[in-house]
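In: Let me see the structure of the following:
(2 chains)
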Amino acid sequence: MSAESIRHTPPAWLTGLREAIPLLGGYVPVAVSFGLIAAQAGFSTWEIAAISTLIYAGASQFLFVGMAAAGAPLWLTVIMTLLINVRHVVYAPNLAPWLTASRWWPWLMHGLTDQVFALAHTRLPQIAAPQRLGWFTGAAVLAWASWIAGSVLGAVSGEWLTRRWPLAGEVMPFALPALFLVLLAPRFTSFRWSLALGASVATALALTLGGLTNVSIPLAAACGALCFYAFKHRPRIMGRTGS
Amino acid sequence: MNDALWLAVMAVALGTLAMRALPLAWMQRRLHRFGDDPGLNAVPAWLGVLAPLMIAALLGVSLAPQRQDLVGWLATLIGGGVTLAVWRSTRALGWPVMAGVAAFGLVVIVARMWA
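Out: Have a look, this model is predicted:
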């Protein structure tokens, strides 16, 4: 790499920040909805900001606020909220082979949401090792900040925003499926993978449409894994050999 | 919020952080056992399979349109098609997403004008 090209390479954190921008299309409208719902449930703006800063997990925040406002026992609220996040345990181990030696990584895992994981799982292997910490920090901090800012915005003026720009709230969330499509497209490398990925997408979509959004991600991934391993272990028909 | 509710918030926050960070410590110890250049061999096969499937599940969840009528599904279909078409020609991250959102929005706007 020449000195000239080094001078013109943007800092890693800036690249991460730029590549996480599509996440905002999905984050901000949902965060605004959370802020609005939490404010209507009686939480103050700074309490909402604190919840979004500390918990930072979309579905479980909605559940936490809903159960707390309904007067559910707090121990049950905590358990149910944590159960929704159990799927997160498989994310960090999948990134570990690409994480460099730094004591910051465990703390940065606070920003390892579904969407940040999907982005990082694709991008980290393509980034030079010394750039990875900066890249992840930029991407994760932007996503985190947008979630907190969106929640506060929703708490302060959520009703006005949804009345004023209903179209933005309808269109911008499509950035998330579009991003996931781009991240997933290179993985359709064989019939076996296409079958497993297709089954996972279809199952998650069906469960979501059936109102089971909270359990759809682990169940759909399990269904995809079943297809993946079932295809490998399918019985061979006499006279034919499987590939 | 009263003290009990703050305690609940802290319990959920710490529990969520633990679920995100502790498995990293487990895997880093495992990688360390495999030597200086462990590569992907240290990652259990099932875990490597599960990661893309989780992303596929996220795609499935996010594909469900807010308005589940003909316009919502048509916009999703066209937006997805445009996203993939732009990705095939650019192999980039940002442009396909922008093009997909624009196509999705265009379908919604045209449908509103039509109605």
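In: Show me what the helix or strand harbouring residue A:168 is packed up against.
Out: Element membership of residue A:168 [criterion: DSSP states H and E] is helix A:166-171. In terms of contacts (3 or more Cβ pairs under 8 Å, 6 or more residues apart in numbering or on different chains; DSSP states H and E), helix A:166-171 is packed against helix A:21-40, helix B:94-114. For the C-beta atoms, the positions are set from N, CA and C on the backbone; glycine is no exception.
In: rerun that using 10 Å as the cut-off
Out: helix A:21-40, helix A:129-164, helix B:70-90, helix B:94-114 (3 or more Cβ pairs under 10 Å, 6 or more residues apart in numbering or on different chains; DSSP states H and E).
In: what number of residues lie near the residue of chain A found nearest chain B?
Out: Per Cβ to the nearest Cβ, the residue of chain A with the smallest distance to chain B is residue A:204, at 2.6 Å. Other residues near residue A:204 number 31, with proximity taken as other Cβ atoms under 10 Å in any protein chain shown.
In: What helix or strand is it located in?
Out: Going by DSSP H and E, residue A:204 is part of helix A:191-209.
In: how far does that helix sit from the chain's center?
Out: Centroid separation for helix A:191-209 versus its chain: 17 Å, with Cα atoms, centre = their mean, to the nearest Å.
In: got it, and stretch B:48-64?
Out: 7 Å.
In: go on, stretch A:208-226?
Out: With Cα atoms, centre = their mean, you get 15 Å for stretch A:208-226.
In: just stretch A:188-203 next, same as before
Out: 20 Å.
In: same question for it, mean pLDDT?
Out: For stretch A:188-203, mean pLDDT is 94.
In: burial of residue B:53, as a residue count?
Out: 31.
In: Setting the sequence-adjacent residues aside, check what's closest to residue B:111.
Out: Nearest residue to residue B:111, sequence neighbours excluded (Cβ to Cβ, 6 or more residues apart in numbering or on different chains): residue B:71, at 4.2 Å.
In: what residues are up against the one you found?
Out: A:170, B:65, B:107-108, B:110-112, B:114-115 (Cβ atoms under 10 Å, 6 or more residues apart in numbering or on different chains).
In: surely the residue of chain A closest to chain B meets residue A:214?
Out: No: under the criterion of Cβ atoms under 10 Å, residue A:204 is not in contact with residue A:214, lying 11.7 Å apart.
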